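1. could you work out the structure for the sequence below:
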Amino acid sequence: MIEELLPSGAESSEEFGDPAEAVLFPEEEAVIAKAMGKRRREFGSARNCARKALGCLGVPPAPILPGERGAPQWPDGVVGSITHCAGYRAAVVARARDLLTVGIDAEPAGRALPDGVLDRVSLPAERAMLGELSVAAPGVSWETLLFSAKESVYKAWFPLNRRWLGFEDAEITIGTDGTFGARLLVPGGPTCPAGFTGRWLARNGLVVTAITTPA
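-> The predicted structure follows:
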């Protein structure tokens, strides 16, 4: 799924489960040593996806450790993003000379956000937009898509700015054509654009979003 949202120069890998070959490096094992079950499987499968994607760039296998606020620490000269949710794991990478930043996210579709969550993660204009989208295309989990788009925005933002971006700090506009835009409502660093554009896909019980900003 994820590769359909990517430009030339970006490489990806995805899994709809947890493959047996998902083996961790000792450094990664140390990070996840106290985790159990679901968390451990997701971590290993997502790293396996990341190494497969890096291999497509010609980058040899290496530990991919979580850094500040859990953001993956990529090899020099590489940008990327990882996501995992129930039934899906994926990674996208690219050379920094080709893409400035990458942000991806996946969420289970088919249901609205839990009570109270939408108000916490959205702006009034976004909630009005969701009402219009629900009429135009009632088969899409628009609330979940909005949440996923904001997660992708944060993952694209953080490597450029190294500071928190709240849900209220970016206004999302979603198109029924599989695209979305994000207008940043707070200033970023000198290399950060004033907004991001991305693409989305709803299929197989999932909502997937991706931001890939050219260098």
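2. how's the protein carved up into domains?
-> Annotated domains of the chain cover 2-104, 107-206 [automatic domain parsing].
3. out of the ones you listed, nearest to residue 213?
-> domain 2-104 (4.5 Å; CB to CB). (C-beta placed from N, C-alpha, C; glycine too.)
4. need the distance between the two termini of that closest one.
-> End-to-end span of domain 2-104 (CA to CA, to the nearest Å): 9 Å.
5. mind checking pLDDT for residue 111?
-> Predicted confidence (pLDDT) for residue 111: 72.
6. ok, now which ones touch it?
-> With contact set as CB atoms under 8 Å, 6 or more residues apart in numbering, residue 111 has these partners: 141, 144.
7. change the start of the numbering to 265 and stick with it
-> Sure, I'll start counting at 265 from here, so that last one is residue 375.
8. ok so, going back, can you redo the domains of the chain as TSV with distance to residue 478?
-> Listed next are those as TSV, based on distance: least, CB to CB, whole Å:
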stretch	distance to residue 478
domain 266-368	6
domain 371-470	10
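9. and residue 479, which of those is closest to it?
-> Nearest to residue 479, of the domains of the chain and by CB to CB, is domain 266-368 at 4.8 Å.
10. any low-confidence regions in this structure?
-> Within the chain, not a single segment meets pLDDT under 70.
11. try it again at 90.
-> The model of the chain has pLDDT under 90 over residues 281-287, 297-305, 333-334, 374-379.
12. for the chain, which segments are assigned as strands?
-> For the chain, the strands defined by DSSP state E occupy 274-279, 342-349, 352-359, 363-372, 434-438, 443-448, 459-467, 470-478.
13. packing partners of the third one?
-> Packed against strand 352-359 by the contact rule (3 or more CB pairs under 8 Å, 6 or more residues apart in numbering; DSSP states H and E) you find strand 274-279, helix 301-320, strand 342-349, strand 363-372, strand 470-478.
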